[in-house]
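K.L.:
Here's my sequence, what's the structure:
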Amino acid sequence: MLITIPRYVVIMLFLALMVAGASAYEIVIDAPTSIQVGAPLVVNGTTNLADGVSLGIVLSNADYTTIEIEKKNVLVQRSDENKSFSVVFNTTGLKKGQYKVEVSPVPGFSFLGNSVTIRPVTLIDRTDELVITPPLQKEYDGLLTIAGNGAGLINSGVKVVVTSSNGTLLVGPEFIGSDYMGYFSKTFPIPGPGNYLVNFSDAHGFIGTFTYNIIKPGDQTLPLLLPETTGTPAPQKIPPISAKSLANRDEPAFFAVIANPGAVRIYTSTGTDWVLEYLDPTGKTHKVHEAGSQYPESVTFQSDGNTTWVKVYPFKYEDNSTVSLYAENALDVQVSKKGADFFPTSYATTTVPVGIQTSPLPWLLFIGATGIGILIMIRKRE
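P.N.:
Numbering: from 1, shown residues only. Predicted coordinates for the structure are as follows:
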């Protein structure tokens, strides 16, 4: 018996088969969610596309706007069901922040089903939290001294790993303790001249990598030049300077920070849970309160060359102690009560905090006692 199928049914079946065939194409990439700046970024993937198809894997900045950094092409090969591939991006020289890796559109193919064609990646670099005190370049004497300080290292320490330029492990992981000012220092033997990479980390994770250039005795050291290679030596970082003042909730400490235009970092002493406020060039108040009492409150702002006013006070009402304000890349820090004129008026809250009213009970007792006395006097007269 011959069964006839309407033409529109055949067309619908044909289109369904085409859609099913198209949806079968998949590609999945994977990448670490975060890596250290300078570490290789490895992107692995699988696909069932036909052999010979070219794929473009792109690394882009994703902080505010998407800017393509590098693109690598891979050719789908092998005849197994899920072809695997891998590409490696060099992150040396990139700034810390948000990035992404993704697969460029492939002409003639649309990825459906379980495809994953984009992955976010965070590059971590906290080298700006460390100040290395000895020079990073010196003549070889058989020893390498690793020393420095950081505001976040007070009474804690750093873990270091030292490798040669060819990747040979020489030291570590080795813990170096720090003092009450955040300073640390330790000396290690090294085999000879060359470049030595030192990875720093602390309780919060990876900090960054510094390269020590150890030269042969008698070799001339080259001056550090600006990236433009104008021949002008790079400006030296001004050491932190500080001032201190007594502070409580009724009488905050006010400081004047004087600096040239550029980035300035300020941070408080520890031991008390401080609140830090500062005024930007527009007069807007910014409040910083994140660290608690064990770590300093810290913030970096852009100076316009004029005085920046800073206000510091304890978070707890009962605290009354001395606070030190430190400033990096600043010319001077001064205690100045004049700063109170620039901040919005605040009211004393140590006696009666906002939202807490004094009890009316004593007044009620007084009125009641007075009324009872009057009644007794009236009855005696009667």
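K.L.:
can we go C-alpha only for contacts and neighbour counts from here?
P.N.:
Noted.
K.L.:
So for the residue nearest in space to the middle of the chain, what's the nearest residue that isn't a sequence neighbour?
P.N.:
Note on the chain: the residue nearest the mean C-alpha position is residue 126, at 6.6 Å, using Cα atoms, centre = their mean. Excluding its sequence neighbours, the residue lying closest to residue 126 (Cα to Cα, 6 or more residues apart in numbering) is residue 207, at 4.4 Å.
K.L.:
And for residue 138?
P.N.:
Per Cα to Cα, 6+ apart, closest to residue 138 is residue 214, 5.3 Å.
K.L.:
For that neighbour, which residues are in contact?
P.N.:
137, 138, 139, 140, 192, 193, 194, 195, 196 (Cα atoms under 8 Å, 6 or more residues apart in numbering).
K.L.:
could these go into TSV alongside secondary structure?
P.N.:
TSV is the format used below for those (DSSP: H, G, I helix; E, B strand; the rest coil):
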residue	secondary structure
137	strand
138	strand
139	strand
140	coil
192	coil
193	coil
194	strand
195	strand
196	strand
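K.L.:
Highest neighbour count among those residues?
P.N.:
Among the contacts of residue 214, the one with the most neighbours (other Cα atoms under 10 Å) is residue 196, at 22 neighbours.
K.L.:
Show me what that residue is bridged to.
P.N.:
residue 164, residue 212 (DSSP bridges).
K.L.:
just checking, it touches residue 211?
P.N.:
Yes. Contact criterion Cα atoms under 8 Å: residue 196 and residue 211 qualify, at 5.6 Å.
K.L.:
what about the strands in the stretch 251-382 of the chain?
P.N.:
Counting by DSSP state E, counting those that start in this stretch, one finds strands in the stretch 251-382 of the chain at the ranges 253-258, 262-268, 274-279, 285-288, 298-303, 308-314, 321-328, 332-335.
K.L.:
same question, the stretch 101-250 of the chain
P.N.:
Along the stretch 101-250 of the chain, the stretches classed as strands by DSSP E, counting those that start in this stretch are 118-124, 131-132, 137-139, 143-149, 157-164, 169-177, 183-189, 194-202, 205-215, 241-247.
K.L.:
helices or strands up against the shortest one?
P.N.:
Spelled out, it's strand 131-132. strand 143-149 (3 or more Cα pairs under 8 Å, 6 or more residues apart in numbering; DSSP states H and E).
K.L.:
And the contacts of the strand it packs on?
P.N.:
Here strand 143-149 has contacts from 130-134, 178, 181-190, using Cα under 8 Å, 6+ apart.
K.L.:
picking that back up, turn the strands of the stretch 101-250 of the chain into CSV, columns for mean pLDDT.
P.N.:
CSV is the format used below for the strands of the stretch 101-250 of the chain (pLDDT from 0 to 100):
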stretch, mean pLDDT
strand 118-124, 89
strand 131-132, 84
strand 137-139, 86
strand 143-149, 88
strand 157-164, 90
strand 169-177, 89
strand 183-189, 89
strand 194-202, 88
strand 205-215, 85
strand 241-247, 89
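K.L.:
would you turn those into TSV with distance to residue 51?
P.N.:
Converted to TSV, the strands of the stretch 101-250 of the chain look like this (distance: least, Cα to Cα, whole Å):
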stretch	distance to residue 51
strand 118-124	22
strand 131-132	52
strand 137-139	51
strand 143-149	52
strand 157-164	41
strand 169-177	41
strand 183-189	53
strand 194-202	42
strand 205-215	41
strand 241-247	64
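K.L.:
so which of these gets nearest residue 29?
P.N.:
strand 118-124 (7.2 Å; Cα to Cα).
K.L.:
who does that closest one pair up with?
P.N.:
Note on strand 118-124: by DSSP bridges, its sheet partners are strand 34-36 (parallel), strand 97-103 (antiparallel).
K.L.:
Dump these to TSV, plus mean neighbour count, distance to residue 337 and mean pLDDT.
P.N.:
Below are the strands paired with strand 118-124 laid out as TSV (neighbours: other Cα atoms under 10 Å; distance: least, Cα to Cα, whole Å; pLDDT from 0 to 100):
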stretch	mean neighbour count	distance to residue 337	mean pLDDT
strand 34-36	17	44	84
strand 97-103	20	39	91
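K.L.:
before we move on, the earlier item: for residue 163, state which of the contacts of residue 214 is nearest.
P.N.:
So of these, ranked by how close each gets to residue 163 (Cα to Cα), first place is residue 196, at 5.8 Å.
K.L.:
roughly how far apart are the closest one and residue 40?
P.N.:
Distance check for residue 196 against residue 40: by Cα to Cα, to the nearest Å, it reads 18 Å.
K.L.:
about what we covered before: of all the contacts of strand 143-149, which two lie farthest apart?
P.N.:
Among these, 181 and 190 lie farthest apart (Cα to Cα), at 28.1 Å.
K.L.:
For these two, work out which one has more neighbours and name it.
P.N.:
Neighbour count, other Cα under 10 Å: between residue 181 and residue 190, residue 190 has more, with 19 against 16.
K.L.:
residues contacting the more buried one?
P.N.:
142, 143, 144, 170.
K.L.:
just residue 31 next, same as before
P.N.:
Counted by Cα under 8 Å, 6+ apart, residue 31 has contacts 41, 42, 43, 44, 101, 119, 120, 121.
K.L.:
In this structure the first one contacts residue 94, no?
P.N.:
No. With contacts counted by Cα under 8 Å, residue 41 stays clear of residue 94, the gap being 11.7 Å.
K.L.:
Between these two, which is the more surrounded one?
P.N.:
Each of residue 41 and residue 94 has its neighbours counted (other Cα under 10 Å); residue 41 has more, 21 against 14.
K.L.:
what's near enough to touch the closest residue to that one other than its chain neighbours?
P.N.:
Nearest residue to residue 41, sequence neighbours excluded (Cα to Cα, 6+ apart): residue 89, at 5.0 Å. By Cα under 8 Å, 6+ apart, residue 89 lies in contact with 40, 41, 42, 59, 70.
K.L.:
again, but for residue 327
P.N.:
Per Cα under 8 Å, 6+ apart, neighbours of residue 327: 240, 241, 242, 257, 264, 265, 266, 267, 333.
K.L.:
Chain neighbours aside, what residue packs nearest to it?
P.N.:
residue 266 is the one closest to residue 327 (Cα to Cα, 6+ apart), at 4.3 Å.
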